[in-house]
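> Predicted model and sequence below, questions to follow.
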Amino acid sequence: MRALDEHRAAALALAAPLPAVEVGLADALGMVLAEDVRADEPLPRWDNSAMDGYAVRRADVLTVPAVLRVVADLPAGSPDEPALEPGTAARIMTGAPVPPGADAVVPIEVTDAGTTTVEIRVAPEPAAHIRRAGEDAIPGDLVLAAGALLGPAHVAALASTCRSSALVHRRPRIAVVSTGDELVPPGTDLRRGQLPDSNSWLLAAAVTEAGAVAVRLGPVSDDPAALLELLHSLDADPSVDGVVTSGGVSMGAFDVVKAALADSPGVEFLPVAVQPGKPQGLGRLPGGTPIWTLPGNPVSSFASFEMFVRPALGRMRGLAAVERPTVTALADEGWRTPPGRAQLMPVRFVGDARVVPATGRGSGSHLVARLALAEGLAVVPAEVDEVVVGASVHVLKVT
Ligand SMILES: Nc1nc2c(c(=O)[nH]1)N[C@H]1C(S)=C(S)[C@@H](COP(=O)(O)OP(=O)(O)OC[C@H]3O[C@@H](n4cnc5c(N)ncnc54)[C@H](O)[C@@H]3O)O[C@H]1N2
Ligand code: MOO
């Protein structure tokens with residue numbers, strides 16, 4: 001059996017950052033920047049007022065009250081540049097460029113708010129309420145580094161540096177195929193032996209949540225030739241960056257994914273020392289498309305996606321940090337772990353840093369309804385045979 005970390009590394013090694021594309025700001029959220037963004041101009045561009053009030057020559061108002069003649073009206077956006085002579089002021093609004101000669105702004109609240117003359121009642125500090133050109137960034141400053149995941153503030157930074165688009169990594173487009181003759185689409189009446197296909201929905205949602213684009217196919221039948229044909233067509237489609245399958249990788253007589261890819265030298269199937277998620281496969285289809293073949297038990301599919309696929313999609317997106325955040329928590333209940341295998345126990349938090357199994361105490365890789373209670377996966381090393389009450393565990397946060 002291959003160790004969990006070794007298989008994680010092999011799964012991640014299938015992925016490389018996708019080529020960069022130019023996107024408009026409306027499409028930038030959630031993308032990963034593929035270039036450094038530097039300021040071309042000072043930010044702010046001009047010395048400007050931080051207050052609605054009056055731009056003044058401070059020397060005129062050191063003794064208050066002082067009355068000045070109002071020689072200009074400067075709303076935000078005003079291109080005017082009236083030179084302030086001694087004894088004059090400009091009415092100015094927040095954001096408007098400070099006129100030449102002015103060296104302080106007096107807020108309107110400490111004046112009589114006059115429009116022809118103004119009485120200044122409080123003497124300003126030097127440079128009071130003036131936002132300096134370049135105090136946010138000067139030309140050449142790094143504003144956003146390549147690899148940044150673009151959130152709302154990043155989009156604002158792009159807009160503020162006068163960019164209407166950005167170079168970002170393309171989102172991976174991932175085909176999701178679930179396999180099994182027993183599966184029917186959700187909503188179908190079940191005859192004995194059938195069950196609703198939940199994995200294709202699980203995995204498509206997980207792909208989307210990981211910032212990629214999911215193309216949900218399936219469930220497909222347990223016919224290896226038909227599956228192989230589907231996989232080859234996905235491999236030949238340049239818009240497909242990867243394939244994730246569920247089911248058909250274990251020891252059964254009808255394990256369709258294993259059978260379909262038996263003669264594909266680029267794909268290996270092997271047991272991984274982890275529970276759930278032991279039977280795994282991965283590699284490249286003949287055309288080079290990465291494929292991750294996950295086990296069919298729903299909890300196994302979920303945990304395998306977290307361990308093996310999600311980080312790879314992060315790398316394709318161009319992210320530098322592809323791991324989920326982990327926290328250390330205390331087990332509020334004890335549970336058994338499989339000997340010689342690492343365990344990925346779905347857990348929920350009870351209180352700040354205490355967890356209990358979310359799906360029950362057993363391995364429970366079929367407990368798909370209870371899986372929805374999971375807020376994390378406790379990653380218990382292979383050497384640990386039992387998690388006792390009060391033991392400290394590492395929890396990968398999945399919500
Ligand atoms: N003799 C052995 N049997 C099994 C072993 C083993 O080592 N020796 N491993 C067990 C483990 S562990 C797992 S995990 C499963 C994985 O098997 P497969 O990946 O081949 O998955 P299937 O047999 O296709 O399905 C397993 C289980 O999950 C249900 N399933 C499958 N697909 C879906 C879906 N899309 N939505 C909902 N549920 C799904 C399926 O009906 C089965 O109940 O093998 C064990 N057996
Ligand atoms: O690897 Mo299986 O996931 O133990 O049910």
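Yep, that arrived. Ligands and ions are numbered 1, 2, ... in the order given.

> Span of stretch 150-168 from start to end?
Start to finish, the residues bounding stretch 150-168 are 9 Å apart (Cα to Cα, to the nearest Å).

> hmm, I was thinking of stretch 387-399
End-to-end distance for stretch 387-399, by Cα to Cα: 23 Å.

> now do stretch 22-36
Start-to-end, stretch 22-36 (Cα to Cα) is 14 Å.

> got the contact list for that stretch?
With contact meaning Cβ atoms under 8 Å, 6 or more residues apart in numbering, stretch 22-36 is reached by 17, 20, 142, 144-152, 154-155, 158-159, 163-169, 171, 211, 317-319. To be clear about C-beta, it is placed using only N, CA and C from the backbone, and glycine gets the same treatment.

> pretty sure R58 is in contact with P126, am I right?
Yes. In this structure, R58 is within contact of P126 by Cβ atoms under 8 Å, at 6.4 Å.

> Tell me which of these two has more neighbours.
R58 (17 against 8; other Cβ atoms under 10 Å).

> Please name the residues that touch that one.
103-104, 123-124, 126, 128.

> Let's have those residues in CSV, adding distance to V70, secondary structure and pLDDT.
Compiled in CSV, these are given as follows (distance: Cβ to Cβ, whole Å; DSSP: H, G, I helix; E, B strand; the rest coil; pLDDT from 0 to 100):
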residue, distance to V70, secondary structure, pLDDT
D103, 17, coil, 98
A104, 15, strand, 98
A123, 18, coil, 98
P124, 16, coil, 98
P126, 22, coil, 97
A128, 18, coil, 98
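
> Pull the most distant pair out of these.
D103 and A123 (12.4 Å; Cβ to Cβ).

> Which residues are in contact with each of R58 and P126?
Counting by Cβ under 8 Å, 6+ apart, the residues touching both R58 and P126 are 103-104.

> What strand or helix carries W201?
In the assignment (DSSP states H and E), W201 maps to helix 199-209.

> Contacts for that helix next, please.
174, 176-178, 186, 213-214, 216-219, 244, 246-247, 294, 296, 298, 301-302, 305-306, 309-310, 313, 368.

> I only care about these that end up buried; give me the PyMOL line for that.
The following PyMOL line selects those of the contacts of helix 199-209 that are buried, judged by 16 or more other Cβ atoms under 10 Å:
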select buried, resi 174+176+177+178+214+216+217+218+219+244+246+247+294+296+298+301+302+305+306+309+310+313+368
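
> Dihedrals phi and psi, the residue nearest to A320 when sequence neighbours are not counted?
Distances taken as Cβ to Cβ, 6 or more residues apart in numbering put G147 closest to A320, at 4.5 Å, once the chain neighbours are dropped. For G147, the backbone dihedrals are phi 100, psi -10 (criterion: degrees, to the nearest 10).

> if you skip the residues just before and after it, what's nearest to the residue in the stretch 51-200 of the chain that ligand 1 sits nearest to?
The minimum distance from the stretch 51-200 of the chain to ligand 1, using Cβ to the nearest ligand atom, falls at N199 (3.1 Å). Excluding the flanking residues, the one nearest N199 by Cβ to Cβ, 6+ apart is S246, at 4.0 Å.

> Tell me the bridge partners for the one you found.
Beta bridges link S246 to S178, L294 when assigned by DSSP bridges.

> Quick one: name the residues of the chain near ligand 1.
The chain comes close to ligand 1 at residues 178, 180, 182-183, 195, 197-200, 219, 246-252, 255, 276, 278-279, 295-298, 300, 365, as judged by Cβ under 6 Å from any ligand atom.

> Just the buried residues of these.
178, 180, 183, 197-200, 219, 246-250, 255, 276, 278-279, 295-298, 300, 365.

> In this structure the residue nearest to N199 contacts T179, no?
Yes. If you go by Cβ under 8 Å, S246 and T179 touch, sitting 6.7 Å apart.

> so what sits against both of those two?
G296.

> number of nearby residues for A342?
Neighbour count of A342, defined by other Cβ under 10 Å: 21.

> beta partners for it?
Applying DSSP bridges to A342, the residues it is bridged with are V274.

> got the contact list for it?
3-4, 273-275, 379-382.

> most neighbours, which of the residues you listed?
Counting neighbours by other Cβ under 10 Å, V274 comes out on top of the contacts of A342 with 28 neighbours.

> Which pLDDT value goes with that one?
V274 carries a pLDDT value of 97.

> again with M251
82.

> So what does the closest residue to it other than its chain neighbours look like in phi/psi?
Using Cβ to Cβ, 6+ apart and skipping residues adjacent in sequence, the residue nearest M251 is P279, 7.4 Å away. Per-residue torsions, P279: phi -80, psi 120 (degrees, to the nearest 10).

> quick one: P279 from ligand 2, how far?
6 Å (Cβ to the nearest ligand atom, to the nearest Å).

> For that residue, name its beta-bridge partners.
Beta-bridge pairing for P279 (DSSP bridges): P271.

> Quick one: residues contacting T337.
Residues touching T337, when contacts are defined by Cβ under 8 Å, 6+ apart, comprise 275, 343, 345, 380, 384-387.

> hey, C-alpha coordinates of stretch 106-116 in CSV?
Provided in CSV are the C-alpha atoms of stretch 106-116 (Å, rounded to 0.1, in the frame of the first residue of the first chain):
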residue,chain,number,x,y,z
VAL,A,106,-10.3,73.0,7.4
PRO,A,107,-13.5,70.9,7.8
ILE,A,108,-16.7,72.7,7.1
GLU,A,109,-17.9,72.0,10.7
VAL,A,110,-15.4,74.5,12.2
THR,A,111,-16.3,77.3,9.8
ASP,A,112,-19.4,79.4,9.1
ALA,A,113,-19.8,77.5,5.8
GLY,A,114,-19.7,80.8,3.8
THR,A,115,-19.6,80.8,0.0
THR,A,116,-18.2,84.3,-0.7
